[in-house]
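Visitor: Sequence first, then the predicted structure, then my questions.
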Amino acid sequence: MKLEFSTGSLLTASVLAVCAFLSAVPGLATDVDMARLPVSDPHLCHSCHLTGQPTSAGFELNPFGEDYLANGRLWDSNLANLDSDGDGCLNGVEVGDSDGDGEADGNVVRQAGNPGVPDECGSGSLVDEKTWGALKAMFDGR
């Protein structure tokens, strides 16, 4: 029995192999993962990594990156309600999506802080994180 492969099937197999490889190596999927966060500017790669330019040889994760990986590489309310870096500010507030619904809060276009590095909770809000999430949910019609 002779096996024959068309150019199309070889191309499809190659694309699937590359996608599987990128999914298996955390440092190479950074662009995909950053797109899952509602806001990634200005910290970009530093949101999850110890370096600003992760590679397959060096993609060490910070505490938020470790929690993100442990959460199945998903941004959701579970991850938003954690304080990965222990700075007293929930990940959702630092990322700009306090309830973890995947939509940035109000007019937020920049992260209030880095969820992976202890820093000041840069929101400057007079409303605590949990209350802000409840207010957002009310105005979202839920």
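Guide: That came through, no problem. Numbers count the residues shown, from 1 in each chain.

Visitor: quick one, helices of the protein?
Guide: All helices of the chain, identified by DSSP state H, fall at 7-24, 30-36, 63-70, 77-80, 91-95, 129-139.

Visitor: Where among those helices is average confidence lowest?
Guide: Here these differ in mean pLDDT, and the lowest is helix 7-24 at a mean of 45.

Visitor: Could you check how far Leu74 is from Gly100?
Guide: 9 Å (C-beta to C-beta, to the nearest Å). For glycine as for every other residue, the C-beta is placed from the backbone atoms N, C-alpha and C.

Visitor: Pull the contacting residues for Asp67.
Guide: Leu79, Leu82, Ser84, Asn91 (C-beta atoms under 8 Å, 6 or more residues apart in numbering).

Visitor: Widest-spaced pair of those residues?
Guide: Distance extremes for those: the farthest pair is Leu79 and Ser84 at 8.0 Å, using C-beta to C-beta.

Visitor: what do those two both touch?
Guide: Shared contacts of Leu79 and Ser84 (C-beta under 8 Å, 6+ apart): Asp67, Asn91.

Visitor: Quick check: the residue nearest to Cys121 when sequence neighbours are not counted vs Val95, distance?
Guide: Leaving aside its chain neighbours, Cys121 sits nearest to Cys89 (3.2 Å; criterion: C-beta to C-beta, 6 or more residues apart in numbering). As judged by C-beta to C-beta, Cys89 and Val95 stand 10 Å apart.

Visitor: Looking at the two now, which is surrounded by more residues?
Guide: Val95 (27 against 22; other C-beta atoms under 10 Å).

Visitor: returning to what we had before: list the residues that are in contact with both of Cys89 and Val95.
Guide: With C-beta under 8 Å, 6+ apart as the test, Cys89 and Val95 both reach Ala112.

Visitor: Touching, Asn81 and Val95? I think so.
Guide: No. Counting by C-beta atoms under 8 Å, Asn81 does not reach Val95; the two are 11.6 Å apart.
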